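Engineer: the following comprises the amino acid sequence and a computationally predicted model.
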Amino acid sequence: MGLLYLLVGIGVIYILFIKKNKTSSLAKPARNTSRLIDEDELATFTISFGVEEEETSNRSPGRWVKPGELVNINGYAMTRGNFYFGGQLAALSTSSSYYQNQDTEASLVDDSLNIKTEHRAYEDESLGYWPKFISLSPKGRGAYLDWLASDRTDPETPLGYVFIYFYGLERRILVDATESEVSDSEFIEIFNELKRLRSIFGSSNSFKNYSTRLIELMSFTRSDVVSISEQEISFSGDSLLFKLRLATTVEEGQPLPADLSLSWVKFFPEYSLRTPARRCDEEFSLLFKQRYIERFGSGLTVKPNKTRLKLGYYPASSTLRGIELEQQDLPDPSVLKAPVKKLIALADSCTDELDAYSRYLGKKGTSREDIAAIMLLPDEISSDSSTSIINGFREWADQKIKSEKGLVLVSDFWSHTGTPFPDKLNKKEIELIQNLTKKAGYGVVPDPRYHHIKPSPNGYMVLFEGGHGEFFEPSKAFNYVGMALRLGAMVAQIDLAIDDSEINVLNKLIDHETKLSPTDKISLHAYLTWCLNTPSNMVGLKGRIEKLGPEDKSTVSRILIGVALADGRVDVTEIKQLEKLYVTLGLDKLLVSSDIHLFSTARAPSKSTTVETKRKPTFTLDDDILALHESETKDVQTMLGEIFKDSEPDPVLEQLSIENIGGLDTTHNELYKSLIAKDKWTRNEVIEFCQTLGLMVDGALEVINDWSFDKVDAPVLDDDDDIYVDLDIVEELKG
């Protein structure tokens, strides 16, 4: 009796599990074979296990339908061919580990199966991981036939149908072509068809990689008939042509040319191109090749290694077997790490130089044709339009420096950018000014990075040759003298007539400061020219004045008195302005009168301390004016209110501060923390993350990137079929 119970139990288990598995396909991690539905339209997330396959009643052998032959199937008329048609075509791979009915070729179109008319956009759960015509639902078969009857150009076609079609082309090349059933002319037609498909559906990395590998195989097996350049190869480590060319070059003892070395970097499985190199592929490739020649001359030489080269092809179709390709005995340098480390270091350097350019292109509404983008390109890869712009700007700038000491209207400067004149000079406009002058070999004043103020659209700027240099950092002396020049210019401008003697005092302040470098002095002289031609205000000065010590404040006050007295006269207006500046410095305003007396007394007897001017100064101080000033009882706060009344926010704070948007909400923050675990995710993986959190993929990525833009002015995620995470931006966001 116990034995009977045991047998019954085994039978139940068989019915519930074993038999069930025979009537449904098992799941495997999904390749992105279907058109991605707009995430906003998704209501549920379903993992497909396929459908039960029909048994064919068609005993006719499968045959290849060539382009031009008319075939009618269930009302669909097809003339473009390139598919197998019939009822019997054996699979070459009959493994049943995951899929039932591996006996039939996946791409075989069998008209004896149940077919229902449907539009080519239709898809259901039968379009699984490795789709097959026999496994499709009746409507799925109708949709596939509808696509075959079309011109096969709709990029929105569910990708599973394209893969079924591709499996047929793959078998034609792997099997029929090796048995001499495919002429050279047909071989060329299939080669061109694969390139056409890749141009339409290559936005899917999966299809791009599989189609490229088959194109490479065709170039390898009939190199005298078809060929493909390395520029057309997608970047994955199993590239046949790359490995063969690298092995041949090393075996022959030849130095690696720049393009082959670039391919090695891109194909190396342990290295991933960072965002700037991927987003700016053309510019990265051009810069890498130029820098490679500078670094290695005729090329890097690699010694042959002992590991031998083995080339093989692994098909996309589950009903085909992989093959090993015959080739001469060659080393396999692609496995070496030491040589490629040198190339990776060079690639990283080029990537860093393209970072600003890449970040600009990562912003919404930008283009490679923008002048702002062109100005961010390294000099070696500047375009013809960039060269024309720079040459015209240099000619104009040289003339202005020679005739006007570099003083130019902002509007005149902006005309050289070829863009509409802005109402305000915000961060992106300031960056364009900085990049254009730097690219042309000049410096500009004021530069908010160094002078703590930005130019006004209706004001002036000053250009000077050479610029500040790549690693310029304002010294303490630079900041101190720059502040004194601003305050001194305010005093010189009080009577609306700037005297040469006042300018001389301020110039000497620069020239006699031993702690200033030559670059410091050139920049400050240009800055003084700007200060003397710009209406005075306290923008950018308040914070720096607060940092001065008592001795520094006293020194600045003496400079101000010296400027005021340089022209040999002082009036009530100047005294009032000096009083305001004294209060700004944290000094007693009553010291103005005594300091004027002390300064004039100290300088009067000595000719050596008299400021040289074209005319002999006749310095007199009206005691009545001083008395009137000392008895002045106006509210100091009122006067300070006028001097500190800025027409716009402090540009330094505007430039350097980051808008606080409160960070990401809890759900998006959780998604962000999950994504930054590595630098690349498949879109299906991200969809699963978002489904778990109740988010829509496109919307979630946009929210995170908008947050990243607000924080560091660059996107942290790159949506390009796969989802890339810019780990450099992640580090900036942590800061």
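Structural biologist: On my side now, so go ahead.

Engineer: surely Asp238 touches Tyr314?
Structural biologist: Yes: using CB atoms under 8 Å, Asp238 makes contact with Tyr314 at a distance of 7.4 Å. For the C-beta atoms, the positions are set from N, CA and C on the backbone; glycine is no exception.

Engineer: hey, what's in contact with both of those two?
Structural biologist: Jointly contacting Asp238 and Tyr314 under the rule CB atoms under 8 Å, 6 or more residues apart in numbering are Arg213.

Engineer: between these two, which has more neighbouring residues?
Structural biologist: Per other CB atoms under 10 Å, whichever of Asp238 and Tyr314 has more neighbours is Asp238, with 16 against 11.

Engineer: which residues sit in contact with that one?
Structural biologist: So Asp238 contacts 213, 314 (CB under 8 Å, 6+ apart).

Engineer: am I right that it sits in a strand?
Structural biologist: No: with DSSP: H, G, I helix; E, B strand; the rest coil as the criterion, Asp238 is located in coil rather than a strand.

Engineer: got phi/psi on Asn507?
Structural biologist: For Asn507, the backbone dihedrals (degrees, to the nearest 10) come out as phi -60, psi -40.

Engineer: would you mark the buried spots in stretch 82-95?
Structural biologist: Neighbour-count burial for stretch 82-95 flags 82-87, 89, 91 (criterion: 16 or more other CB atoms under 10 Å).

Engineer: quick one: distance of that stretch to the chain centre.
Structural biologist: 46 Å (CA atoms, centre = their mean, to the nearest Å).

Engineer: got the CA coordinates for that stretch in PDB?
Structural biologist: Extracted as PDB, the C-alpha positions of stretch 82-95 are listed here (Å, rounded to 0.1, in the frame of the first residue of the first chain):
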ATOM      1  CA  ASN A  82      14.900  37.200 -47.400                       C
ATOM      2  CA  PHE A  83      13.100  34.600 -45.300                       C
ATOM      3  CA  TYR A  84      12.700  30.800 -45.000                       C
ATOM      4  CA  PHE A  85       9.200  29.500 -46.000                       C
ATOM      5  CA  GLY A  86       7.800  26.000 -45.500                       C
ATOM      6  CA  GLY A  87       7.000  23.500 -42.800                       C
ATOM      7  CA  GLN A  88      10.200  21.500 -42.200                       C
ATOM      8  CA  LEU A  89      13.500  23.200 -41.500                       C
ATOM      9  CA  ALA A  90      15.600  21.600 -38.800                       C
ATOM     10  CA  ALA A  91      17.300  23.700 -36.100                       C
ATOM     11  CA  LEU A  92      21.000  23.300 -35.800                       C
ATOM     12  CA  SER A  93      20.900  23.700 -32.100                       C
ATOM     13  CA  THR A  94      18.400  21.400 -30.400                       C
ATOM     14  CA  SER A  95      19.100  22.100 -26.800                       C
END
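
Engineer: contacts for that stretch next, please.
Structural biologist: With contacts defined as CB under 8 Å, 6+ apart, stretch 82-95 is touched by 56-67, 71, 73, 102-112, 148, 165, 168-169, 171-172, 175, 190, 193, 318-321.

Engineer: got it, and stretch 713-732?
Structural biologist: Against stretch 713-732 from outside (CB under 8 Å, 6+ apart): 32, 203-205, 274-275, 278-279, 355, 359, 362-363, 672, 675-676, 678-683, 685-686, 698, 701, 704-705, 708-709, 711-712, 733.

Engineer: now for the longest helix seen in the chain, which elements pack on it?
Structural biologist: The residue-count maximum for a helix in the chain (DSSP state H) belongs to helix 384-404. On a contact count with 3 or more CB pairs under 8 Å, 6 or more residues apart in numbering; DSSP states H and E, helix 384-404 meets helix 371-374, strand 407-409, helix 427-440, strand 460-465.

Engineer: and those: which comes nearest Ala484?
Structural biologist: strand 460-465 (17.8 Å; CB to CB).

Engineer: rewinding a little: columns distance to Pro535 on top of the helices and strands packed on helix 384-404, output as a markdown table?
Structural biologist: Shown next, in a markdown table, are these (distance: least, CB to CB, whole Å):
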| stretch | distance to Pro535 |
| --- | --- |
| helix 371-374 | 29 |
| strand 407-409 | 14 |
| helix 427-440 | 20 |
| strand 460-465 | 10 |
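
Engineer: helices of the stretch 401-550 of the chain, start to end?
Structural biologist: Taking DSSP state H, counting those that start in this stretch as the test, the helices found in the stretch 401-550 of the chain are 410-414, 427-440, 448-451, 476-492, 500-511, 518-532, 542-546, 550-565.

Engineer: rank the ones you listed by pLDDT, which is bottom?
Structural biologist: Within the helices of the stretch 401-550 of the chain, the stretch with the lowest mean pLDDT is helix 542-546, showing a mean of 63.

Engineer: which segments of the protein make up each domain?
Structural biologist: The record's domain parsing of the chain by automatic domain parsing lists 39-228, 237-353, 383-465, 476-652, 666-734.

Engineer: now render the ones you listed as JSON lines, adding distance to Arg368.
Structural biologist: Below are those laid out as JSON lines (distance: least, CB to CB, whole Å):
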{"stretch": "domain 39-228", "distance to Arg368": "20"}
{"stretch": "domain 237-353", "distance to Arg368": "8"}
{"stretch": "domain 383-465", "distance to Arg368": "9"}
{"stretch": "domain 476-652", "distance to Arg368": "29"}
{"stretch": "domain 666-734", "distance to Arg368": "17"}
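
Engineer: comparing these, which gets the lowest mean pLDDT score?
Structural biologist: domain 476-652 (a mean of 64).

Engineer: where exactly do the strands run in the protein?
Structural biologist: With strands called from DSSP state E, the chain shows them at 63-65, 71-73, 76-78, 83-85, 311-313, 323-325, 407-409, 442-445, 460-465, 680-681, 717-720, 722-725.

Engineer: any chance of those strands in a markdown table, plus distance to Phe267?
Structural biologist: Output for the strands of the chain, formatted as a markdown table (distance: least, CB to CB, whole Å):
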| stretch | distance to Phe267 |
| --- | --- |
| strand 63-65 | 34 |
| strand 71-73 | 41 |
| strand 76-78 | 38 |
| strand 83-85 | 32 |
| strand 311-313 | 14 |
| strand 323-325 | 17 |
| strand 407-409 | 50 |
| strand 442-445 | 42 |
| strand 460-465 | 46 |
| strand 680-681 | 16 |
| strand 717-720 | 18 |
| strand 722-725 | 17 |
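
Engineer: so which of those is the most packed in?
Structural biologist: strand 442-445 (a mean of 24; mean count of other CB atoms under 10 Å).

Engineer: and it, which strands flank it?
Structural biologist: strand 460-465 (antiparallel) (DSSP bridges).

Engineer: which ones are touching the residue nearest to Tyr122 when sequence neighbours are not counted?
Structural biologist: Distances taken as CB to CB, 6 or more residues apart in numbering place Ala143 nearest to Tyr122, at 4.1 Å, with adjacent residues excluded. Shown in contact with Ala143 (CB under 8 Å, 6+ apart): 118-123, 158, 161.

Engineer: inside helices: which ones of these?
Structural biologist: Reading helices off the contacts of Ala143 with DSSP H, I get Tyr161.

Engineer: of the contacts of Ala143, which is the most crowded?
Structural biologist: Of all these, the highest neighbour tally under other CB under 10 Å goes to Tyr161, namely 28 neighbours.

Engineer: got a quick PyMOL command for the buried subset of the contacts of stretch 713-732?
Structural biologist: A single PyMOL command is used to select the members of these judged buried by 16+ other CB under 10 Å:
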select buried, resi 32+204+205+274+275+278+279+355+359+362+672+675+676+679+681+682+683+686+701+704+705+708+709+711+712+733
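
Engineer: now for the residue nearest the centre of the chain: which residues touch it?
Structural biologist: Centroid-nearest residue in the chain, with CA atoms, centre = their mean: Ser358, separated by 3.0 Å. Counting by CB under 8 Å, 6+ apart, Ser358 touches 275-276, 279-280.

Engineer: many thanks, I have nothing further to ask.
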